[in-house]
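Student: turn this into a model:
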Amino acid sequence: MAITTRHGLLGDERLLHGLAARTFGLACPPGMAQADVDAFVAANLSVDSFTRYLADPNRIIVLVSEGDQPVGYAMLVRDRITDPDVAAVVDEATSIELSKFYLLAEAHGSGAAHALMTETISTAARTGARTCWLGVNQQNVRAAKFYAKHGFDIIGVKRFLVGSEWCDDHIRQRDLSSRDG
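Tutor: Coordinates of the predicted model:
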């Protein structure tokens, strides 16, 4: 089955919300309350949220599909860094954030994540940023291995609020001069 990528457009907000609702919990630490996952999705990954994200010139959403079925998405953000732990280790002027990178569980191992990362890194480099950074839960071993494989090194730690629960994240960053996804 062919794997393709494309940039998100206004009109994709329901599709993106549906993907977010099915994938966000996969990135959370084991044992996180479903109510906290649901609260985060409602507050940050709703249809209205994606409408705002798609209209925001500082955000780029990349979708990946297997055949004609979307199976994941990523979101890049070029904006002010407000988290002091991130600001201490990332140069805001030369970096772009990989804010979201989610794939349906049934697409794991299919090559879709690699295709999505390749397009996301290429897109990030085209913005003129020199580095790309992200936060990933320290307990998400699968994601940690994936990001390390794609050149994202741990450069710090931060906290991330999901519902009412604080999570410990690694801050990872990669140089964009090597565009290999």
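
Student: would you mark the buried spots in the longest helix seen in the chain?
Tutor: Scanning the chain for the longest helix, with DSSP state H as the assignment, gives helix 112-126. Within helix 112-126, the residues that count as buried by 16 or more other CB atoms under 10 Å are Ala112, Ala113, Ala115, Leu116, Met117, Thr118, Glu119, Thr120, Ile121, Thr123, Ala124, Ala125. Yep, even glycine has a C-beta here, placed from its N, CA and C like the rest.

Student: quick one: which of those is nearest Arg142?
Tutor: Ranked by distance to Arg142 (CB to CB), those are led by Ala113 at 9.9 Å.

Student: which non-adjacent residue is nearest the closest one?
Tutor: Leu103 (5.1 Å; CB to CB, 6 or more residues apart in numbering).

Student: burial count for that neighbour?
Tutor: Leu103 has 25 neighbouring residues, counting by other CB atoms under 10 Å.

Student: hmm, it is touching His114, no?
Tutor: No: contact criterion CB atoms under 8 Å: Leu103 and His114 do not qualify, at 10.2 Å.

Student: ok so, going back, quick one: residues contacting the residue nearest to Ala113.
Tutor: Thr23, Val64, Val71, Gly72, Ala112, Ala113, Leu116 (CB atoms under 8 Å, 6 or more residues apart in numbering).

Student: redo the buried residues of helix 112-126 as JSON lines? Include pLDDT and distance to Gly8.
Tutor: Below are these laid out as JSON lines (pLDDT from 0 to 100; distance: CB to CB, whole Å):
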{"residue": "Ala112", "pLDDT": "97", "distance to Gly8": "16"}
{"residue": "Ala113", "pLDDT": "97", "distance to Gly8": "17"}
{"residue": "Ala115", "pLDDT": "98", "distance to Gly8": "15"}
{"residue": "Leu116", "pLDDT": "98", "distance to Gly8": "12"}
{"residue": "Met117", "pLDDT": "98", "distance to Gly8": "16"}
{"residue": "Thr118", "pLDDT": "97", "distance to Gly8": "17"}
{"residue": "Glu119", "pLDDT": "98", "distance to Gly8": "12"}
{"residue": "Thr120", "pLDDT": "98", "distance to Gly8": "12"}
{"residue": "Ile121", "pLDDT": "97", "distance to Gly8": "17"}
{"residue": "Thr123", "pLDDT": "98", "distance to Gly8": "11"}
{"residue": "Ala124", "pLDDT": "98", "distance to Gly8": "15"}
{"residue": "Ala125", "pLDDT": "97", "distance to Gly8": "18"}
